[in-house]
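[1] got a sequence here, can you model it:
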Amino acid sequence: MSHRTTIGLGLALAVALFFAWRDVQRARERPVLSPAEQVKPLLKFEPAQLEEIVVQRGGREVRFARSGEAWSGGTDPGQASGFVEALLGLAEIMVLDVDSGELADLGLAPPRASIRLRAKDRPLPELFVGSRNPAATGLYLQVGKDGRVVLTGALLEWEIDKLFREEATPVP
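    Numbers count the residues shown, from 1 in each chain. From the prediction side, this is the model:
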């Protein structure tokens, strides 16, 4: 190897190291988002204000009602608190621009399930549950009858499945 080649390779290495160093410095200067800033919650409500939960799926219904601090209804009233926690943990991963004619493609016309919540202090939107996304990591939801369509975590489907493991009440 000649001296010119060695010098050329040395210069190329020095330039590459300079640009790598500069990228590291820029990355350090970028503000880091807190977890609260990174995730946009789908629903915001005070759990203590929730009075009723109604989940419908496939002609069946699970209903919980709060009396004071205790839940009643469903096959296991204790499931209500866990379901409320799951709802509060839902993130709005992405808002989709969907025409009403495309709702069937997302499992939203008709919806696979619906969730109605009633709170003391304010109305809450009904959630219409669609199918999973192609990667099976998310679930399509419509927030309100004519509301926005969002992609949220697929764990909601599992939470709904837990409610319907035991015999649910048929919807009249």
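[2] next, the buried residues of the host helix or strand of L87.
    Here L87 sits within helix 79-88, counting by DSSP states H and E. Using 16 or more other Cβ atoms under 10 Å as the test for burial, helix 79-88 gives Q79, A80, F83, V84, A86, L87. Where you see a C-beta, it was placed from the backbone N, CA and C, and this is true even at glycine.
[3] stretch 133-150 too?
    Buried-residue list, stretch 133-150, by 16+ other Cβ under 10 Å: N133, G138, L139, Y140, L141, Q142, V143, V149, V150.
[4] give the contact list for the residue lying closest to the second one once chain neighbours are set aside.
    Nearest residue to G138 in three dimensions, chain neighbours excluded: L151, at 4.4 Å (Cβ to Cβ, 6 or more residues apart in numbering). Residues touching L151, when contacts are defined by Cβ atoms under 8 Å, 6 or more residues apart in numbering, comprise I93, M94, L96, N133, G138, L139, Y140, L141.
[5] ok, now how distant is the fifth one from S114?
    This points to G138. 18 Å (Cβ to Cβ, to the nearest Å).
[6] repeat for the second one
    M94 sits 21 Å away from S114, taking Cβ to Cβ as the criterion.
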